[in-house]
Structures are given as structure tokens and as C-alpha cells.
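Engineer: Kindly return the folded structure for what I paste below:
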Amino acid sequence: MKYIILVGDGMGDLPIAELGGKTPLAYAKTPAMDRIASQGELCLVRTVPEGFPPGSDVANLSLLGYLPHECYSGRAPLEAASLGVSLAPGEIAFRCNLVTLRFEADRVYMEDYSSGHISSPEARILIEGIEAVAGTDRLHFYPGVSYRHLLVHSGEVGPLVTVPPHDHTGREVTEFWQRYNRIPHLQEALKKAVDFLADHPVNRERRAGQHNPANGIWLWGEGKAPSMPSIKEQFGVEGALISAVDLLKGIGVYAGLEIINVPGATGYLDTNYAGKAAAAIEALQEKDLVFVHVEAPDEAGHQGSLKDKLQAIEDFDAKIVQPIFAALLASGHDFRLAVAMDHCTPLSLRTHSSEPVAVAIYDSRPGRSGSGLPYDEQSAAKAGELLEDGRQFFLRVLGR
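Structural biologist: Below is the predicted model:
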């Protein structure tokens, strides 16, 4: 038996008047996901436990069968694992976004949490430069993918409370910026980073090309190394994970999954869908479980772009779900395939929300009844079943 979980990050949304009261997922053309839901099981899953932030870290841990209250220690330690950065006792990892800030007198505004989805080569130049000018024996900066990077901090940081930058796009963030500046060594590092970035050649070229510059850094998602049993230890299956995002890769590292890096996987609309689908099909030749994650719907949600979100959902269906589903049907293997989202990212909010999410599970063996419903939020609610946590979902995928 083969097990496949296909995740469209942040696909879920709220009804939109412009779409006739439908959600983007219900409005989009998604024949492959609709077939899986209609011929398989359709239900809701609570991926964000009460009291936890509705982040991709908590929600994707849930989709892999983990209970966040048992293992979650923060987002950044998971990303550190993806980058091959081991956290020593007493070290704290922070996600370090390259962002576009607007400084007006003593006010600070978050113009863009992603610096216009800056490319990884450009970002590497900037992060390596920040490490050279602002790194110390307590602070070390590591380059990641696009705008997503890492700071490792040695020692405690006191009562610092951070916020995700994508929650505050287009808004004033002075209060949050001042929190860093109350800690002298962080204040010094942020100032050096801003000064270094202000007129860097990379940013001059970005401005000339009408792209947002990376003129600041934003620290968030802090935590220490977690303790997590592997998927194999818990469920007796070996697997692989495919994603462009360091967070997901880090979860996979701790979960004991093989991380498959696909060239051209960017985490946005221009990602290498064909490469991801082909890698998943190949991995299923040897692995019991393959988990494929696509970030683009979530990024479109944070941007507040209906057009991009519809495209991201339709691309996920046509370029990931359909070819993998077709290959499995032709393979002769028995399989159970789940289509899921980790959380909703409503366009009206431009950030994550914590309501239960729609999932569909298809079993290739004959004699299985289907829901008869398409894959969307309202249909999953109509189906009438709620799985209370991610472990129940993962066990359902495994048919246990």
C-alpha cells in the first residue's frame, strides 16, 4: 500500500461576493481534486489546536500526525534543521525575513513581508553581507530561500515577543520594531543591517526594475530545538517530503523523512510543478509515504490577490494532483491519496485563520463508497465529519 498526501498551503478561504458567494476553491476549476473527493471520503480536520497560532508550522505538523502540544517549540528551529544548522543547548533560532520597510520620522511601516519575492541568489548576497557586518559571537545569519532566512541567537532574549510580518502587510509596525530596539545587541544588529541594505547594489537594481527592495530584516518564529519521534518510529512507514519551503523541509528532517530537493522549486506561482510531480511519482517506487507541499496558494492569500490564488489552486490541481493521481491509477499499486490544505489564508484577512480545513481521501481498492461531493470548504462541512486533530487524520490516511 502506498500513501500520498498532497498539500495546497493556505488554499482555504471565505465566500467572496465577486465569485457569487463561492470560495476560491469552490470557484476554481479543479477536476482532479473534485474526483478524489467525490469518489473518496470528504471531511474536516482541526489542524490548529486551541491555543496555538494558525501557522504552517503547527498545521503541517498536524498533517503528519503530530500533536503540537507534545512537540512544538517554534517555527524557526524547524527551518534551522532544513538548512543543516544544529541548535546547541541555549541557542534560539529566529526566522529572519528580508522585508521592505517604510521609515517615516519615528514611524515604521511594513510595505512587503517578502521584498517582492526576492530571488534566492539576490537574497544570499544580502544575508551573507549582513552576517559580515552584523554577525557576532551571539548572532549568526544563515541564507535560505527567497526572503526566508535564519538567525541563530546564543543565550536568552528576555521577554521579547515577535509577530509574523505577513500579518501586518501595509500596516504600521512601529510598536513591534521597537521591541527589538529595547534589546541593545539586537538594536545594533538591526541598525547595521538597515544601513548595509540601504544602498546595496542588489537593491539599486531592484528599484531600477520596479521591484521592492530588501531594506530591512524582521525576526520572528523563535524557538529552541524540539524533541520529535520519527514517522517510522510512530507509524512504521518510511517516507519522503517534497517542498520548496525550509519550514516544511525542517519538519521532514525531524520526522525522519527523506527530503527531496527539486530544482526550480520556488514556493510561488513560478515553482517547478512538473519537477515536483515527477519526483513524487519516482519516490513512490521505494517509499511507503510521500508528502508533497505547494506554497503558492498561501503566498497569493498573503498578497491579497484573488487572480493569483485562483491560478495557484488550478495549477495545484492540474500540475500536481492530476499527474500524480493518474500515475498511481496506472501503477497497479493499491494506494490511499489525500488532498489537503494546512490552514485557510482568507484573501480578506491576508493571513492565516484557525478553522478546520477540508480534506479528501481516496482509496484505490474496489468497493469503497464516495461522498459524491466536490472538494471545497462548504462541501466538506456538508459531509458532516470532523476529525479533531492531525493524528486522527494521519491514521485515517493510513487506513487505521
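
Engineer: Spatially nearest residue to residue 67, not counting backbone neighbours?
Structural biologist: The spatial neighbour of residue 67 that comes closest, neighbours along the chain excluded (Cβ to Cβ, 6 or more residues apart in numbering), is residue 391 at 5.8 Å. In this view, the C-beta of every residue, glycine as well, is placed from N, C-alpha and C.

Engineer: Doesn't the one you found lie inside a helix?
Structural biologist: Yes: when classified by DSSP: H, G, I helix; E, B strand; the rest coil, residue 391 is found to be part of a helix.

Engineer: Could you measure from it over to residue 229?
Structural biologist: 12 Å (Cβ to Cβ, to the nearest Å).

Engineer: Repeat that for residue 77.
Structural biologist: Relative to residue 229, residue 77 is positioned 16 Å away (Cβ to Cβ).

Engineer: quick one, which of these two is more surrounded?
Structural biologist: residue 77 (27 against 14; other Cβ atoms under 10 Å).

Engineer: Return the list of helices and strands in contact with the longest strand along the chain.
Structural biologist: Counting residues, the longest strand found in the chain (DSSP state E) is strand 91-104. Counting contacts by 3 or more Cβ pairs under 8 Å, 6 or more residues apart in numbering; DSSP states H and E, strand 91-104 is packed against helix 76-82, strand 107-112, helix 120-134, strand 148-154, strand 216-223.

Engineer: now residue 238: how far from residue 257?
Structural biologist: Separation of residue 238 from residue 257 (Cβ to Cβ): 8 Å.

Engineer: between those two, what contacts are shared?
Structural biologist: Taking Cβ atoms under 8 Å, 6 or more residues apart in numbering as the criterion, residue 238 and residue 257 both touch 231, 289.

Engineer: In terms of neighbours, single out the busier of these two.
Structural biologist: Higher neighbour count among residue 238 and residue 257: residue 257, with 25 against 15, using other Cβ under 10 Å.

Engineer: show me what contacts the more buried one?
Structural biologist: Contacts of residue 257 (Cβ under 8 Å, 6+ apart): 231, 239, 240, 241, 289, 291.

Engineer: what about it, distance to residue 127?
Structural biologist: 27 Å.

Engineer: now do residue 308
Structural biologist: Counting by Cβ to Cβ, the gap from residue 308 to residue 127 is 26 Å.

Engineer: between those two, which one's more packed in?
Structural biologist: In this view residue 308 and residue 127 are compared by other Cβ under 10 Å, and residue 127 has more residues nearby, 22 against 19.

Engineer: Leaving out sequence neighbours, find the closest residue to the more buried one.
Structural biologist: Spatially, and ignoring its direct neighbours in sequence, residue 127 is nearest to residue 143 (4.2 Å; Cβ to Cβ, 6+ apart).

Engineer: Residue 56 too?
Structural biologist: Distances taken as Cβ to Cβ, 6+ apart place residue 342 nearest to residue 56, at 5.5 Å, with adjacent residues excluded.

Engineer: Kindly report the same for residue 18.
Structural biologist: That would be residue 306: by Cβ to Cβ, 6+ apart, it lies 6.9 Å from residue 18.

Engineer: Next, the one you found: phi, psi?
Structural biologist: Torsion angles at residue 306 (phi, psi; degrees, to the nearest 10) stand at phi -60, psi -40.

Engineer: my guess is it contacts residue 24, does it?
Structural biologist: Yes: counting by Cβ atoms under 8 Å, residue 306 does reach residue 24; the two are 6.8 Å apart.
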